[in-house]
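Engineer: fold the following and give me the result.
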Amino acid sequence: MVAMDGSNKKDLVSEGLVWPNGLAVDEILDRVYWSDAKKDTIESIHMDGSGRMVILDTVAKHPFSMAVFEDSLYWSDWEMQEIVSCNKFNGKDFKTLVKEAGIRPMGITLAHPLLIQSGPPSPCVDSPCSHVCLPKPLPSTEFTCACPSHLVLDSAGTACEDSSLTSTLLLSTSTHIYSLHPQTIGLTSHKAIGSIPSPGLLTSLAANSVDSMVYFVNRGAEQILAMDRETGSVNPVMYGDQFGAISYDPFSNNLFWVDVHKMSVVVHSLSSSANMVAVSSTSSPLSMVFVPEKNRLVVGENGKISIVQLGNPDVQEIVSYKLSSPGSLVYSAQADAVFIGDAASRAIYRWDWGTEEVVPVLENIGEVVSMAVKDGLLYWVEKSGTSLLWISIYNSELSWLPINDIASPNDLLHLSLSGQDASSNNSANMACITAHCSHLCFNEDTSGHTCSCPYGMSLSRDKMTCQEDCPDNVFSCGDGQCVPQSWKCDGTVDCTNQADEVNCTMVELARCDNSTQSTCDDGACILSSWWCDGDNDCPDSSDEKEDCPALVCGEDRFSCADKRQCVLAHWVCDGGEDCADGSDEADCQVSCPAEQFQCEDR
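Structural biologist: Numbers count the residues shown, from 1 in each chain. Next up is the predicted model:
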């Protein structure tokens, strides 16, 4: 039992309970009645915790919902599919009140003029509370203001406001970034915290657990930008069309991105603006995430994930035939595991840190494009989807929330977590924050740091300052800087003065992995299954030309009228448009059961 403001909590019964479900309060006798669906009993106890007594034992077969009035108890019985009553003192006068074929009573309540108490006026009438007002226990006439879980009270104790100490789930569409609070009781809470400057096409998103900065790729304007979600200010970080997935390490102030031209992962110091190739690959990396808790970079490629320690040439590879296209990665500190979204396999896998095996979590789902973990829940969004989906990291019970009021099937959706998460590592090594490296700094695992240098430079004797040290047979930028010959005219500006991309008759773009990817006209790589699927996935929309054949959908998919898109069959006539042409909601004739109300829009 607990007061309405959450105070004075005490246990009335703590023994001899299995499935207590139905609950009713007799205000006249100050007694609480409850049913136990496992024991098939109905019991009662005084509100002071004394006088426990059994009213019925094994007579009620599966009691569910209860009510009490005058001398009688009422409850719904799931097994017998009826509403019954008995004397509240001794269980006598057992009666079946309602029993009809095809009707299974659920929750019940009683309405009677005698149950309407006059009592003292509520102290919450005309209260200044912005969200929730909770009366204090009688005889007090005071109240307490309260907030949803993602907000905190201001200094006056009446208004709810955002808290910088709590983590926030972020969702980006092609043009906007929203904060989401799917576990909030009551109306679903989402708030637009930023829009993408025109021309806008947001293709990657990365926040962090230390501050309010959010980094994202605007492919429309060919740049990476930084946004402060508290002030709303947006500033450019880098320019170019080479940016794929991005991730950020707040403890070294390094930003990582997949260079789609070089088929590499590049690290960029936000302190010095220096760049360095962190991971080179023979195929384009499909996903990447930096894990501050482990001080490791995790990279997803066709058939494997790689675990990289910056500054260490040894790379741990977890090879698995299950991984066709690991396009999304997220680490959970609570589970000490990396969750892997594989769009081609239409599955989510899990790799427990330190093991050698990848195991399935969910299979036969949509094409997962982005994931995030918050408070023990794994969230994800799917290609062409307009729902936020989630499961517990400990079981696979699926939940979802429609977000079609802020997202459309044509949007590119991404998730990230911003702010301090309860499971984050507060003891991480942050030596790089105060280090004096001239160009790049990488934290060691427990303490200390290592300075590093871009290509064409080496550390001087002080182990902090980089000096020019160009090898033979390289391209000279003309200002003392040099880059490998293979970087000239590759589409990515590497020289500070842009000399490596001047007078290029044709950009030599990196070749996509033909086994799983297709090449856009602008050189970007996308999954082969995304080619001619009805969605514009290439930044230049070259995957959806007029010569695309009509799309053939699987048995569990509905074919949209334009033959360019497939959606899940159970999305048809569900009230939200999932096809870009709206054909999944055309000519819908919805019939409601007798106990439900038919809306006019059918």
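
Engineer: quickly find the element holding Ile83.
Structural biologist: Ile83 is part of strand 82-87 when elements are defined by DSSP states H and E.

Engineer: packing partners for that strand?
Structural biologist: Judged by 3 or more CB pairs under 8 Å, 6 or more residues apart in numbering; DSSP states H and E, strand 82-87 is in contact with strand 72-77, strand 95-98. Placement of C-beta: from N, CA and C, glycine included.

Engineer: how far does stretch 553-567 stretch from start to finish?
Structural biologist: 8 Å (CA to CA, to the nearest Å).

Engineer: average pLDDT across it?
Structural biologist: For stretch 553-567, the mean pLDDT works out to 77.

Engineer: paired strands for the helix or strand bottoming out on mean pLDDT in the chain, with orientation please.
Structural biologist: Lowest mean confidence among the helices and strands of the chain (mean pLDDT, DSSP states H and E): strand 525-527, at a mean of 73. Paired neighbours of strand 525-527 in the sheet (DSSP bridges): strand 517-519 (antiparallel).

Engineer: and the partner strand, how far out from the chain middle?
Structural biologist: Centroid separation between strand 517-519 and its chain, computed with CA atoms, centre = their mean, to the nearest Å, is 28 Å.

Engineer: and that strand, average pLDDT?
Structural biologist: Averaging pLDDT along strand 517-519 gives 78.

Engineer: and for stretch 400-409?
Structural biologist: The model assigns stretch 400-409 a mean pLDDT of 90.

Engineer: may I see the buried residues of that stretch?
Structural biologist: Residues of stretch 400-409 classed as buried: 403, 406-409 (neighbour count, 16 or more other CB atoms under 10 Å).

Engineer: export those residues to JSON lines and tack on distance to Ser559 and secondary structure?
Structural biologist: Shown next, in JSON lines, are the buried residues of stretch 400-409 (distance: CB to CB, whole Å; DSSP: H, G, I helix; E, B strand; the rest coil):
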{"residue": "Ile403", "distance to Ser559": "24", "secondary structure": "coil"}
{"residue": "Ile406", "distance to Ser559": "26", "secondary structure": "coil"}
{"residue": "Ala407", "distance to Ser559": "22", "secondary structure": "coil"}
{"residue": "Ser408", "distance to Ser559": "19", "secondary structure": "coil"}
{"residue": "Pro409", "distance to Ser559": "14", "secondary structure": "coil"}
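
Engineer: tell me which two in those are the farthest apart.
Structural biologist: Ile406 and Pro409 (12.8 Å; CB to CB).

Engineer: setting aside sequence neighbours, what's the nearest residue to Pro128?
Structural biologist: Closest residue to Pro128 apart from its sequence neighbours, by CB to CB, 6 or more residues apart in numbering: Thr158 at 4.5 Å.

Engineer: how many residues are close by that neighbour?
Structural biologist: 14 (other CB atoms under 10 Å).

Engineer: excluding sequence neighbours, find me the nearest residue to Asp336.
Structural biologist: Closest to Asp336 by CB to CB, 6+ apart is Trp353, at 4.9 Å.

Engineer: quick one: that neighbour from Trp257, how far?
Structural biologist: 24 Å (CB to CB, to the nearest Å).

Engineer: higher neighbour count, the two?
Structural biologist: Between Trp353 and Trp257, counting by other CB under 10 Å, Trp257 is the more crowded of the two (29 against 17).

Engineer: quick check: beta-bridge partners of the more buried one?
Structural biologist: For Trp257, the beta-bridge partners under DSSP bridges are Ile246, Val266.

Engineer: residue contacts, it?
Structural biologist: Neighbour list for Trp257: 204, 217, 224, 242-247, 265-266, 268, 288 [criterion: CB atoms under 8 Å, 6 or more residues apart in numbering].

Engineer: how about the helices in the chain?
Structural biologist: Per DSSP state H, the chain carries helices over the ranges 431-434.

Engineer: just to revisit the earlier point, so for Ser345, which of the helices and strands packed on strand 82-87 sits nearest?
Structural biologist: Closest approach to Ser345 among the helices and strands packed on strand 82-87 is made by strand 72-77 (44.5 Å; CB to CB).

Engineer: low-confidence stretches in the stretch 101-250 of the chain?
Structural biologist: 117-118, 164-165, 186-188 (pLDDT under 70).

Engineer: which residue ranges form the strands in it?
Structural biologist: In the stretch 101-250 of the chain, the strands defined using DSSP state E, counting those that start in this stretch lie at 132-135, 143-146, 151-153, 160-162, 168-172, 176-181, 189-195, 202-206, 213-218, 223-228, 234-239, 243-249.

Engineer: columns distance to Ile307 and mean neighbour count on top of the ones you listed, output as a markdown table?
Structural biologist: Shown next, in a markdown table, are the strands of the stretch 101-250 of the chain (distance: least, CB to CB, whole Å; neighbours: other CB atoms under 10 Å):
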| stretch | distance to Ile307 | mean neighbour count |
| --- | --- | --- |
| strand 132-135 | 45 | 18 |
| strand 143-146 | 44 | 19 |
| strand 151-153 | 38 | 17 |
| strand 160-162 | 35 | 15 |
| strand 168-172 | 26 | 25 |
| strand 176-181 | 30 | 20 |
| strand 189-195 | 33 | 17 |
| strand 202-206 | 19 | 24 |
| strand 213-218 | 23 | 24 |
| strand 223-228 | 25 | 18 |
| strand 234-239 | 26 | 15 |
| strand 243-249 | 14 | 25 |
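
Engineer: let's have the ones you listed in JSON lines, adding distance to Asn21.
Structural biologist: Shown next, in JSON lines, are those (distance: least, CB to CB, whole Å):
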{"stretch": "strand 132-135", "distance to Asn21": "25"}
{"stretch": "strand 143-146", "distance to Asn21": "27"}
{"stretch": "strand 151-153", "distance to Asn21": "31"}
{"stretch": "strand 160-162", "distance to Asn21": "33"}
{"stretch": "strand 168-172", "distance to Asn21": "32"}
{"stretch": "strand 176-181", "distance to Asn21": "29"}
{"stretch": "strand 189-195", "distance to Asn21": "29"}
{"stretch": "strand 202-206", "distance to Asn21": "42"}
{"stretch": "strand 213-218", "distance to Asn21": "44"}
{"stretch": "strand 223-228", "distance to Asn21": "47"}
{"stretch": "strand 234-239", "distance to Asn21": "51"}
{"stretch": "strand 243-249", "distance to Asn21": "46"}
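
Engineer: let me know which of those is the nearest to Ser452.
Structural biologist: Nearest to Ser452, of all these, is strand 243-249, at 13.7 Å by CB to CB.

Engineer: what angle separates that closest one from strand 202-206?
Structural biologist: 20 degrees (axes from the mean of the first three to the mean of the last three CA atoms, to 10 degrees).

Engineer: could we number from 22 for the rest of this?
Structural biologist: Sure, I'll start counting at 22 from here, so that last one is strand 264-270.

Engineer: tell me which other helices or strands strand 264-270 touches.
Structural biologist: When contacts are defined as 3+ CB pairs under 8 Å, 6+ apart, strand 264-270 sits against strand 223-227, strand 234-239, strand 275-280, strand 308-312.

Engineer: the third one to strand 264-270, inter-axis angle?
Structural biologist: Between strand 275-280 and strand 264-270, the angle comes out at 160 degrees (the same axes, to 10 degrees).

Engineer: now strand 275-280: buried residues?
Structural biologist: Using 16+ other CB under 10 Å as the test for burial, strand 275-280 gives 275-280.

Engineer: name the nearest of these relative to Gln488.
Structural biologist: Distance to Gln488 across these (CB to CB) is lowest for Asn275, with 21.2 Å.

Engineer: can you pull the contacts of Arg367?
Structural biologist: By CB under 8 Å, 6+ apart, the contact list for Arg367 reads 384-389.

Engineer: roughly how far does it sit from Gly387?
Structural biologist: Arg367 sits 6 Å away from Gly387, going by CB to CB.

Engineer: one more: Cys574?
Structural biologist: Going from Cys574 to Gly387 by CB to CB gives 13 Å.
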